[in-house]
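K.L.:
Make a model of this:
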Amino acid sequence: MKPLRKIIFPAAGNGTRFLPATKATPKEMLTIVDKPLIQYGVEEALAADMEQIIMITGRGKRAIEDHFDISAELETSLKNAGKSALYQEVSRVARMAEVIYVRQKQALGLGHAVLCARHWVGDEAFGVSLADELIISDNPAMQQLRQVYDQTGCSVVGLMQVPADKVHKYGIVAYKKENNGLLRLTDMVEKPAAEDAPSDMAIVGRYIFTPRLMDLLREVRPGSGDEIQLTDAIAALAKEQPVYGVLLDGQRFDAGNPEGFLQANAVLGMQHPQYGEVLRKVLKEHL
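P.N.:
Take a look at the predicted model:
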């Protein structure tokens, strides 16, 4: 196997659920406590030794590029002002990863966004991370997937259990448990009705794929809204080679909607070493 070193971040969406906040600011740059959402995802990928970041962006996403770029003027200003801690952090973020930016010119679905990176992935296995699925764990979510990939050399997707009244919001998998304890996926259904769902296991925005997935993304027919669905390609891949699921361990927040975003800020804010004590006190006064 070639080293697993590349990961794709689809970040071209308009963030309409956060308007008007996202009119001029990318959703991925909204902050969870003290850093933007996209930075959590990149740091998680780096912790899993995926050091080549492929960011799929669209119009109005320049702030993401600026965030991971070096700002010599800002760094000099912080250094001269004696703000060493801030200087170190700003410098660290700018130099933390090699980032490639690819423009998705048309909103043709998640599968199409991943396919936009085909040239940069080549014949290597790769990860995909949806940054608005925020997962906090001592063992980073992508590392949990990587452990299975390193063991099997096969594609792996992150899973979580969801209640019956929520299955219609997710891609739901059918699976069988193998003798080694791994969950091998046999089918996927995008946003099924509760009575049609094959299980209560939902895909939650963390993936590792073999290169074959890119070929299948070129072959799948557009589905609802004329979009190329990633789940359709995964289902086709599972018919050709093993695809495993990992029930992810950690705190999970759907930060792609305002409710989950607020929950993430509240929970992680209370856990923050600098702000936690004050936030807990204020919340206690108002509850």
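K.L.:
looking at this, V189 is in a strand?
P.N.:
Yes: using DSSP: H, G, I helix; E, B strand; the rest coil, the assignment for V189 is a strand.
K.L.:
Disregarding residues adjacent in the polypeptide, which is nearest to it?
P.N.:
In space, not counting the residues next to it along the chain, V189 is nearest to I172; the distance is 5.3 Å by C-beta to C-beta, 6 or more residues apart in numbering. Using the backbone N, CA and C atoms, a C-beta is placed for each residue, glycine as well.
K.L.:
beta partners of that neighbour?
P.N.:
V189, A202 (DSSP bridges).
K.L.:
What segments of the chain are helices?
P.N.:
37-47, 62-67, 72-80, 84-95, 110-115, 118-121, 141-152, 212-219, 230-240, 258-271, 276-286 (DSSP state H).
K.L.:
in the third one, what's buried?
P.N.:
Burial within helix 72-80, assessed by neighbour count using 16 or more other C-beta atoms under 10 Å, is assigned to 75, 78.
K.L.:
could you give the angle of it to helix 84-95?
P.N.:
150 degrees (axes from the mean of the first three to the mean of the last three C-alpha atoms, to 10 degrees).
K.L.:
picking up where we left off before, who wins for proximity to L183 among the helices of the chain?
P.N.:
helix 141-152 (9.5 Å; C-beta to C-beta).
K.L.:
Between helix 37-47 and that closest one, find me the angle.
P.N.:
Here helix 141-152 points in a direction 30 degrees away from that of helix 37-47 (the same axes, to 10 degrees).
K.L.:
gap between helix 141-152 and the chain center?
P.N.:
Relative to its chain's centre, helix 141-152 lies at 15 Å (C-alpha atoms, centre = their mean, to the nearest Å).
K.L.:
Return the alpha-carbon coordinates of that helix using PDB.
P.N.:
The C-alpha coordinates for helix 141-152 follow below in PDB (Å, rounded to 0.1, in the frame of the first residue of the first chain):
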ATOM      1  CA  ALA A 141     -11.800  10.400  14.700                       C
ATOM      2  CA  MET A 142      -9.700  10.100  11.600                       C
ATOM      3  CA  GLN A 143      -7.100   8.200  13.600                       C
ATOM      4  CA  GLN A 144      -9.800   5.700  14.600                       C
ATOM      5  CA  LEU A 145     -10.600   5.100  10.900                       C
ATOM      6  CA  ARG A 146      -6.900   5.000  10.000                       C
ATOM      7  CA  GLN A 147      -6.300   2.200  12.500                       C
ATOM      8  CA  VAL A 148      -8.800   0.000  10.600                       C
ATOM      9  CA  TYR A 149      -7.400   1.100   7.200                       C
ATOM     10  CA  ASP A 150      -3.800   0.200   8.300                       C
ATOM     11  CA  GLN A 151      -5.100  -3.200   9.500                       C
ATOM     12  CA  THR A 152      -7.100  -4.000   6.400                       C
END
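K.L.:
circling back: tally of neighbours for the residue nearest to V189?
P.N.:
25 (other C-beta atoms under 10 Å).
K.L.:
Report the beta-bridge partners for R252.
P.N.:
Beta-bridge pairing of R252 under DSSP bridges involves I135.
K.L.:
Going forward, count from 44.
P.N.:
Renumbered: residue one is now 44, and that last one reads R295.
K.L.:
Of the helices of the chain, which stretch is the most buried?
P.N.:
Most buried of the helices of the chain, by mean neighbour count (mean count of other C-beta atoms under 10 Å): helix 153-158, with a mean of 24.
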